[in-house]
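S.K.: Pasting a predicted model and its sequence here:
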Amino acid sequence: MRWLLVIILLIPSLAAAEEARPLADNPQVEARLKTLAVELRCLVCQNQTLADSNAPLAEDLRREVREMITKGMSDREIIDFLVQRYGDFVLYRPPWKATTTLLWLGPFLLLIAGATALVLALRRRQKKLVDVTLSEAEHNRVAQLLSEGANRP
Amino acid sequence: MIPEIGHFALILALCVAVVQGSLPIYGAAVGSSTLMSVAKPAARGQFLLVLLAFCCLGYAFAAKDFSVLYVAATSNSQLPLHYRIAAIWGAHEGSLLLWVFILSIWMVAVSFFSTHLPEAMRARILGVMGLVSVGFLLFMLTVSNPFERLIPAAFDGRDLNPLLQDPGMVIHPPMLYMGYVGFSVAFSFAIAALLGGTLDAAWARWSRPWTTVAWCFLTVGVAMGSGWAYYELGWGGWWFWDPVENASFMPWLAGTALIHSLAVTDKRGGFKAWSVLLAILAFSLSLLGTFLVRSGVLTSVHAFATDPKRGLFILVFLAVVIGGSLVLYAWRAPRVGLGGGFSIISREGMLLANNVLLVAALGSVLLGTLYPLFLDALDLGKISVGPPYFDTVFVPLMTPAIFLMGIGPLAQWKKTSLPELATRLRWAFAVSIVTALALPFTLGHWTPLVSLGLLLAIWIVTTAAVDLRERLAHADGSSLLGRLAAMPRSYWGMVLAHCGVALFIVGVTMVKGFEVEQDLRMNVGQTATIGGYTFQFDGTQQYKGPNYIAARGTFRVSQDGRDVTVMYPEKRRYTVQNQTMTEAAISPGFARDLYVSLGEPLDDGAWSVRLYHKPFVDWIWGGCLIMALGGILAVSDRRYRLAWRHKEADVPAATQMARQTVS
């Protein structure tokens, strides 16, 4: 009985077809290529990363990067090589340099400026506002008007 | 002949727009009822004229009139009818016509649903919309006329870009434009209020539903664009921080800030000047977005140089609209009252802080989008700003915003005590932290970002639950159902929209954290297993579509030996432009999408194939739809329905004032 069960359980795996091979010869190289390629720009595309693009030039560039990885170059070396050849345009993460300082600091400057402006504006506002205290009679009048308003459909 | 009628209708529409943009505003200034009453018929007349022009262009496409330059450039005799109609907005000129057409729809809507507004206010609003329309019509008639003839006529058209030949093209741009242009209503309300000096809580109450509706359209429009990119581009991404996407995302951020700030202006009379500024900002960004996407400047700043007339017109128009409204703002805003007082730790304070965060996020997106253009224009080198940059700056800005989103609704107006808030929220916080830390482990893979994402999502939901429980405890009515029903719809709308954000975050977090992807070489009959699903490749077949030839693959998917579905990804070659397109096959599901896209044919009928298992990816768009649904629910609130029926003027002035001071 138990044997029968084992055989029945085995049938699907026997019938199953052969497993497909990964496209890449070396999955580790491919994984590294992938992490690099999502930060690189396909130079001939409208706006695609090297990882996403199907353009022939992107295919060539991927092959080149793959070769560099196999040769044992570090990520830094590969990126330096690409920047030397294609310029900063190839990087989707712009490097920190004089012309990009504002780009990288901008968001946080904006936040600081916004927060400061907020606090200052609220302080100034607090000073300008004079507390209006309602007298007893005024309170009753407001309550009466409100209940009138509430009774309207 | 028909295109000439369309052209002529546009010229007439311009004349009507000039009248609509001048007489009623002047009339409101001098108090002439006759002049003000021009606004309504002018708006409706303009709508009919633009509708006529729109139909004429549609007819030219339907009838394959390749003697019209625009038709010849964006369609083809082989292109199916629905795509020929959608090709109306397939490029620059037609998009502008769609813009003006939608603007005229909003104008007509305002003319019908504004009977409760004071006459001067209505005249000014329609007048400002007329002025915007003048700008666009002038732009079209001078430098981008969709009806321009091509003589001699082309034998056949150059076809619509194959990327755009998709059902998404039929409805995504109109939706997006409904949102973009919808902000023109909020803008016109703001400008009208500045002109008239009547910037009060009533102004906020009137413009709130319009802003929310526009925001809903924009939310759906952006989500559809993202969904379209997901299935059409064939590599499974759903947001690329592409300048075109950013152009639609920036008005959304501004609009989100605006609806929250309007809520304060409406309920507490505060933030008036700020709301006006946001309304101007939201519309300015919509304009910028329209022009950025369609003028070609994003591909290269040199597009300006190749077509300087268009570029110049755009710059001047933007300068007039933005500069003009800011000058008006600077002139009038100091006279605006302050509204009720509040301390920094209060619901107002938190909404304002959220606004600052949203605007900072918006500023970063703007900076990242335009920075490469500026560097290039100043000859300081070419750089690319892409997803790594935006992810780095966006997450730290949005995290506190979402944290505040949970607290805000529980804080009291005017002044709230932090220790008390902390006590009320301690359980929500504990539950969120524990679940967010533990859940990724049970899913088998812990990273800080996954935990952070889950934390924020659970935080939103748990704080909403705490809030609901407290409100139910204080609500009138004996039965639970009665008390639930007693909650105003605007409250439910807010809860729903916030939960939409939570769902969205879950989708993003899960798909970023747990997505599995495989690049395979598949022979006929081979299988691959990914995320528990087994894909068997049964080969490809050639077939011929209306304007393309395609290879269609068949993949049988099974799970634990049971058949789940059959998927048919395609590789198409569009013959006119000789462009290859990857049509991915997607099997959507509640907790996962299966995604197959064909790469290249290899030898012996084998193909390179990319398989994805994307957990919870549909929650991204589901979340957006729920946000929009929340908006719609809020707009259907009782007080707006009452406002339509009751003219505000019927209510005695004293009651109105009392309401404003107290509510």
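M.R.: Done, it's in.
S.K.: State the pLDDT value of the residue of the stretch 51-200 of chain B found nearest chain A.
M.R.: Across the stretch 51-200 of chain B, the shortest distance to chain A (Cβ to the nearest Cβ) belongs to B:L163, at 9.8 Å. Yep, even glycine has a C-beta here, placed from its N, CA and C like the rest. Confidence at B:L163, expressed as pLDDT, is 81.
S.K.: Quick check: residues of the stretch 501-650 of chain B near chain A?
M.R.: Proximity of the stretch 501-650 of chain B to chain A is assessed by Cβ under 8 Å from any Cβ of the partner chain, with B:518-523, B:525-529, B:534, B:536-537, B:561, B:580, B:582, B:599, B:608-609, B:642 identified as the residues in range.
S.K.: residue contacts, the closest residue to chain A within the stretch 351-500 of chain B?
M.R.: Residue of the stretch 351-500 of chain B nearest chain A, by Cβ to the nearest Cβ: B:G386 (2.9 Å). Going by Cβ atoms under 8 Å, 6 or more residues apart in numbering or on different chains, B:G386 touches A:E39, A:R41, A:N47, A:T49, A:Y92, A:R93, B:F240, B:W241.
S.K.: Does the third one touch B:E245 like I think?
M.R.: If I follow you right, that is A:N47. No - proximity of A:N47 to B:E245 does not meet the contact threshold set by Cβ atoms under 8 Å, at 9.4 Å.
S.K.: can you give me the helices in chain A?
M.R.: For chain A, the helices defined by DSSP state H cover A:2-15, A:27-37, A:56-70, A:75-86, A:101-128, A:136-151.
S.K.: Of all those helices, which one comes closest to B:S346?
M.R.: Go through the helices of chain A one by one with Cβ to Cβ and the one that ends up closest to B:S346 is helix A:101-128, at 10.2 Å.
S.K.: Pull the number of nearby residues for the residue in chain A positioned nearest to chain B.
M.R.: Among the residues of chain A, A:Y92 lies nearest to chain B; the distance is 2.9 Å by Cβ to the nearest Cβ. Under the neighbour criterion other Cβ atoms under 10 Å in any protein chain shown, A:Y92 is assigned a count of 21.
S.K.: So for it, what's the pLDDT?
M.R.: 90.
S.K.: same check, this time on B:D307
M.R.: Spelled out, the predicted local distance difference test score at B:D307 is 69.
S.K.: low-confidence ranges in chain A?
M.R.: Along chain A, segments meeting pLDDT under 70 span A:1-17, A:129-135, A:142, A:148-153.
S.K.: related to what we said a few turns ago, name the nearest residue to the residue of chain A closest to chain B, sequence neighbours excluded.
M.R.: Counting by Cβ to Cβ, 6 or more residues apart in numbering or on different chains, A:Y92 lies nearest to B:G386, which is 2.9 Å off, once chain neighbours are set aside.
S.K.: Chain B: strands as residue ranges?
M.R.: When assigned using DSSP state E, the strands of chain B occupy the ranges B:516-522, B:527-530, B:533-544, B:548-559, B:562-567, B:570-574, B:579-583, B:585-587, B:592-601, B:607-615.
S.K.: in the last one, what counts as buried?
M.R.: Which is strand B:607-615. Along strand B:607-615, the positions that meet the burial threshold by neighbour count (16 or more other Cβ atoms under 10 Å in any protein chain shown) are B:W607, B:V609, B:R610, B:L611, B:Y612, B:H613, B:K614, B:P615.
S.K.: Up against chain A, what does the stretch 301-450 of chain B have?
M.R.: Applying Cβ under 8 Å from any Cβ, we find that the stretch 301-450 of chain B lies next to chain A at B:338, B:341, B:343-344, B:349, B:352-353, B:356-357, B:359-361, B:363-364, B:367-368, B:371, B:375, B:380-389, B:392-393, B:397.
S.K.: still on that earlier bit, out of the helices of chain A, the one nearest B:N145 is which?
M.R.: Of all the helices of chain A, helix A:56-70 sits nearest to B:N145, with 36.9 Å by Cβ to Cβ.
S.K.: now that closest one: how far from the chain's centre is it?
M.R.: Per Cα atoms, centre = their mean, to the nearest Å, the displacement of helix A:56-70 from the mean C-alpha position of its chain is 24 Å.
S.K.: do that helix and chain B meet?
M.R.: No - among the residues of helix A:56-70, none lie within reach of chain B under Cβ under 8 Å from any Cβ; the closest is 8.9 Å away.
S.K.: counting contacts, what elements does that helix pack onto?
M.R.: Under the contact criterion of 3 or more Cβ pairs under 8 Å, 6 or more residues apart in numbering or on different chains; DSSP states H and E, helix A:56-70 touches helix A:27-37, helix A:75-86.
S.K.: Deepest-packed of those helices, please.
M.R.: Sort these by mean neighbour count, taking mean count of other Cβ atoms under 10 Å in any protein chain shown, and helix A:27-37 sits at the top with a mean of 16.
S.K.: Please name every helix or strand in contact with that one.
M.R.: Using 3+ Cβ pairs under 8 Å, 6+ apart: helix A:27-37 touches helix A:56-70, helix A:75-86.
S.K.: list the contacts for A:I79?
M.R.: For A:I79, the residues meeting the contact criterion (Cβ under 8 Å, 6+ apart) are A:L36, A:L91.
S.K.: State the distance from the closest residue to B:L14 other than its chain neighbours to B:Q526.
M.R.: Sequence neighbours aside, B:L137 is the residue nearest to B:L14 in space, at 4.2 Å (criterion: Cβ to Cβ, 6+ apart). In this structure, B:L137 lies at 60 Å from B:Q526, with Cβ to Cβ, to the nearest Å as the measure.
S.K.: same thing with B:L52?
M.R.: 58 Å.
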